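Asks: A structural model of the following input is requested.
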Amino acid sequence: DISVSSLGSQSLQQISIPLNESALINYNIKLNSLANVRDYLVTFITQLLITTSNSIILQSSSLVQLTQATNQLTRNTLMLVANRCYQLSAALYAIFEKISYEDAQSASNQLFQCASNLLNAVNGPLQGRTEVLDLDNS
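Replies: Numbers count the residues shown, from 1 in each chain. As a prediction, this is how the structure comes out:
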């Protein structure tokens, strides 16, 4: 129920808005479909070679983009991305003295953002802010 009253008024008008079940079902179908796509794409990115600072920047940037919608990340996606962020961080640490400050900063900023996205995605279902995805129930 939504209550509406004008300023200074004592009486309240009650407006009932029924939950639109079909809209919620369609939303969950689309949410799970997008989660499946992200799950599929992450498997390719996590298999790319880490060769240069540019590959670290490109891969971490791609992972940030893929993890931006934190309500569409399955547990499998979270594990794959977390492992890849760790690998990229270790690779960056190994070469940070040999690359430009700007490249190191860009890569580390992307990796921090990726980690932040992962933490938000993990906490969403735990705090009841997001739905548990179908792939996580199977």
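
Asks: show me where the chain has helices.
Replies: 21-45, 53-67, 75-95, 101-126, 134-137 (DSSP state H).

Asks: Of those helices, flag the one that's most buried.
Replies: helix 53-67 (a mean of 20; mean count of other C-beta atoms under 10 Å). To be clear about C-beta, it is placed using only N, CA and C from the backbone, and glycine gets the same treatment.

Asks: what packs against it?
Replies: Judged by 3 or more C-beta pairs under 8 Å, 6 or more residues apart in numbering; DSSP states H and E, helix 53-67 is in contact with helix 21-45, helix 75-95, helix 101-126.

Asks: List of residues touching that helix?
Replies: 38, 41-42, 45, 48-50, 73, 77, 81, 84-85, 88, 91-92, 95, 99-100, 103-104, 106-107, 110-111, 113-114, 117-118, 121 (C-beta atoms under 8 Å, 6 or more residues apart in numbering).

Asks: got it, and stretch 90-98?
Replies: So stretch 90-98 is contacted by Ile50, Ser53, Ile56, Ala104, Ala107, Ser108, Leu111 (C-beta under 8 Å, 6+ apart).

Asks: try 6 Å
Replies: Counting by C-beta atoms under 6 Å, 6 or more residues apart in numbering, stretch 90-98 makes contact with Ile50, Ile56, Ala104, Ala107, all of which sit outside it.

Asks: distance between that stretch and the chain's centre?
Replies: Here stretch 90-98 is found 26 Å from its chain centre; the criterion is C-alpha atoms, centre = their mean, to the nearest Å.

Asks: still on that earlier bit, switch the helices of the chain over to JSON lines; also include mean pLDDT.
Replies: Listed next are these as JSON lines, based on pLDDT from 0 to 100:
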{"stretch": "helix 21-45", "mean pLDDT": "90"}
{"stretch": "helix 53-67", "mean pLDDT": "97"}
{"stretch": "helix 75-95", "mean pLDDT": "97"}
{"stretch": "helix 101-126", "mean pLDDT": "94"}
{"stretch": "helix 134-137", "mean pLDDT": "84"}
